[in-house]
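1. For reference, the sequence and a predicted model appear below.
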Amino acid sequence: MQIPVGKTLRVTGAAAFMGLVLLAAGCNKTGSTGAVSPDEMSMGQATAPVTVIEYASVACPICGHVNETVMPEFKAKYVDTGKVRYVYRPMMTGNPAVAAAGHLLAECAGKDKYFSVVDQVMRSQQAMGGEETGYANARPVLFSIGQSLGMSEDAFNKCITDEKGLQRLNDLNQQYMTRDGVNGTPTFLINGKKLDRIPLNIGDFDTALKPYLGK
């Protein structure tokens, strides 16, 4: 089961510290695209024969589960060996306020630390209180991650409340919905073709990638 785009969980306490304009619900499916712009966050060789794009949210529990249980082996087996280029596209599903703050924090960390921060935030979902509490403990947990990056409280606050950054995330999410037909997270594309199921183990990726990579 995916977390649908536009679904807003309880955000009491989390949204208050950011004053976010939440992502509007709705989706028009117009087909998916595998085109990748140079400024997108990616791992692996740009010349890899296969590009895997993941639309995910740091506040999506299913994304967090896949990130922790499947993606490490996927990256070791396919990305680190030069077979796959992996591209991450940030969505604001689950708790939109926490998703936006977590993604902005990753961006502020810089490209070399972006994926490390995304991983830290996803693995901290329960520490933030999870869905059950509306991520009521999100701010101190995210701030702790910011401190580990050398951020002062002022720098952290400016990072997660950056209006231009928030607007850009909103614009990207609308683009992903209307252009790529993404209506839930996590969603994966392989060379532009959307997977019809969430890969819940490395075997699912093996099966999906075999037509592109052969043996």
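-> Here it is on my side, so go on. Everything quoted here is computed from the prediction, not taken from an experiment.
2. alpha carbons only for contacts and neighbour counts from here, please
-> Will do.
3. Please enumerate the helices of the chain.
-> Counting by DSSP state H, one finds helices in the chain at the ranges 61-69, 71-74, 96-109, 114-123, 130-133, 138-148, 153-160, 163-180, 202-213.
4. looking at those, which is buried most?
-> helix 96-109 (a mean of 26; mean count of other CA atoms under 10 Å).
5. how far out from the middle of the chain is it?
-> 10 Å (CA atoms, centre = their mean, to the nearest Å).
6. And stretch 143-154, by the same measure?
-> For stretch 143-154, the distance to the chain centre is 20 Å (CA atoms, centre = their mean).
7. ok, back up a step: the helices of the chain into JSON lines, with extra columns for distance to residue 35?
-> JSON lines is the format used below for the helices of the chain (distance: least, CA to CA, whole Å):
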{"stretch": "helix 61-69", "distance to residue 35": "22"}
{"stretch": "helix 71-74", "distance to residue 35": "21"}
{"stretch": "helix 96-109", "distance to residue 35": "21"}
{"stretch": "helix 114-123", "distance to residue 35": "20"}
{"stretch": "helix 130-133", "distance to residue 35": "33"}
{"stretch": "helix 138-148", "distance to residue 35": "32"}
{"stretch": "helix 153-160", "distance to residue 35": "28"}
{"stretch": "helix 163-180", "distance to residue 35": "10"}
{"stretch": "helix 202-213", "distance to residue 35": "17"}
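8. Tell me which of the ones you listed sits nearest to residue 89.
-> Nearest of the helices of the chain to residue 89, taken as CA to CA: helix 163-180 at 8.6 Å.
9. average pLDDT for stretch 47-55?
-> If you average the pLDDT over stretch 47-55, you get 96.
10. Please compute how far that stretch lies from its chain's middle.
-> 15 Å.
11. same deal with stretch 111-124?
-> The answer for stretch 111-124 is 10 Å, by CA atoms, centre = their mean.
12. which ones are touching the spatially closest residue to residue 188 that is not a sequence neighbour?
-> Excluding its sequence neighbours, the residue lying closest to residue 188 (CA to CA, 6 or more residues apart in numbering) is residue 54, at 4.6 Å. Residue 54 makes contact with 86-89, 186-189, according to CA atoms under 8 Å, 6 or more residues apart in numbering.
13. Name the residues linked to residue 54 by a beta bridge.
-> In this entry, residue 54 is beta-bridged to residue 88, residue 188, by DSSP bridges.
14. Can you tell me how far it is from residue 63?
-> Per CA to CA, to the nearest Å, residue 54 is found 10 Å from residue 63.
15. Give me the common contacts of these two.
-> Joint contacts of residue 54 and residue 63 (CA under 8 Å, 6+ apart) are residue 186.
16. how about the helices of the chain, which one is nearest residue 36?
-> Of all the helices of the chain, helix 163-180 comes closest under CA to CA, at 12.1 Å.
17. Could you give the separation of the closest one from the chain centroid?
-> 13 Å.
18. Kindly report the same for stretch 85-96.
-> 2 Å.
19. Just the endpoints, please. Distance across that stretch?
-> First residue to last in stretch 85-96 (CA to CA) measures 27 Å.
20. which residues of this protein score low on pLDDT?
-> 1-34, 215 (pLDDT under 70).
21. returning to that earlier point: mind putting the contacts of residue 54 in a markdown table, neighbour count and distance to residue 135 included?
-> As requested, these are exported to a markdown table (neighbours: other CA atoms under 10 Å; distance: CA to CA, whole Å):
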| residue | neighbour count | distance to residue 135 |
| --- | --- | --- |
| 86 | 22 | 28 |
| 87 | 21 | 27 |
| 88 | 18 | 23 |
| 89 | 19 | 22 |
| 186 | 26 | 19 |
| 187 | 22 | 23 |
| 188 | 23 | 25 |
| 189 | 19 | 29 |
